[in-house]
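Participant: what's the 3D shape of this:
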Amino acid sequence: MVCFALAVAIWQLVVTLSGVPRFILPGPWLVLQALGGNAVLLWQNALWSAGNLALGLSLGIFLGIETALLLTLSRRARWLLRPMLVVAQAVPVFALAPVITLWLGYGMPSKIVTIALVTYFPIASALFDRLMALPPGLRDLAHLSGANRWRETLLLRLPHAVPGLISGLRLAVVYGPLAVLIGEWVGSSRGLGHLMLMANGRGQTALMFAALIVLAALSLLLWSAVEALARWTARRF
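Facilitator: Okay, the predicted model is just below:
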């Protein structure tokens, strides 16, 4: 809270001392007025962006966990899929988003796929690395008890890999809102990214900052949820 108040004070000081025009950098009070005066508009667009983010994150998390488990269970899958995953991740989302929008249109599916692609790789990579890092003692215990690969993964590797999943989730909730903006900037008729573009084109910089603050609040909410999950899993596992 102190850091937030300090940042706002520095922001107001820069605006006051520099004399920068308000259409370039509005002061905190103007942004607050934009938040209050456009509350309904911001809320409607925030709901659209939050819905896209929730669905895209859910899809990315599901596919990431499934891929990590598949790579752990199958040597052939590791040989076939890991190079493809690395190559796919090397392509920036800015390059993929226009193609996805061209294929899937300007509606929700293209945004969901964009978010899922951005969040999928961190989860799959972090979880797979942790799944493969089973301590030798636990591995020997599984072999002595006659557990097959599936039971070893389900009963030993997966509980041991929960911190890796949490690490992947931390990255995913950081990249997810960025993917929302990219998808809505490339092509959308709703959402906070679309609202920021429209506000920028009309010279409504305060509204653009207000939309950015709403998106930042959404990101902090997701981060807090992941941290709460991390604390719960630390006690549970």
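Participant: pretty sure Gly187 contacts Trp103?
Facilitator: No. Using Cβ atoms under 8 Å, Gly187 makes no contact with Trp103, being 11.5 Å away. For every residue, glycine as well, the C-beta is placed using N, CA and C.
Participant: run through this protein and note the low-pLDDT ranges.
Facilitator: 1, 138-147, 237 (pLDDT under 70).
Participant: mind doing that once more with 80?
Facilitator: Residues of the chain meeting the criterion pLDDT under 80: 1-2, 4, 19, 84-95, 134-156, 236-237.
Participant: now the helices for it?
Facilitator: Applying DSSP state H to the chain gives helices spanning 2-18, 28-37, 39-73, 75-90, 93-104, 108-131, 136-144, 149-152, 158-160, 162-186, 192-201, 205-236.
Participant: of the ones you listed, flag the one that's most buried.
Facilitator: Each of the helices of the chain was scored by mean neighbour count; the highest is helix 108-131, a mean of 24, by mean count of other Cβ atoms under 10 Å.
Participant: could you say what helices and strands that helix packs with?
Facilitator: Contacts defined by 3 or more Cβ pairs under 8 Å, 6 or more residues apart in numbering; DSSP states H and E place helix 108-131 against helix 39-73, helix 75-90, helix 93-104, helix 158-160, helix 162-186.
Participant: need those helices in JSON lines (columns: distance to Asn200).
Facilitator: Formatted as JSON lines, those follow (distance: least, Cβ to Cβ, whole Å):
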{"stretch": "helix 39-73", "distance to Asn200": "14"}
{"stretch": "helix 75-90", "distance to Asn200": "30"}
{"stretch": "helix 93-104", "distance to Asn200": "18"}
{"stretch": "helix 158-160", "distance to Asn200": "46"}
{"stretch": "helix 162-186", "distance to Asn200": "10"}
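Participant: quick check: Lys171 touching Tyr120?
Facilitator: Actually, residue 171 is Leu rather than Lys. No. Leu171 lies out of contact with Tyr120 (Cβ under 8 Å); the separation is 10.9 Å.
Participant: report the contact partners of the residue nearest to Ala126 when sequence neighbours are not counted.
Facilitator: Spatial nearest neighbour of Ala126, excluding adjacent residues (Cβ to Cβ, 6 or more residues apart in numbering): Gly168 at 3.5 Å. Listed by Cβ atoms under 8 Å, 6 or more residues apart in numbering, the contact set of Gly168 reads 64, 122-127.
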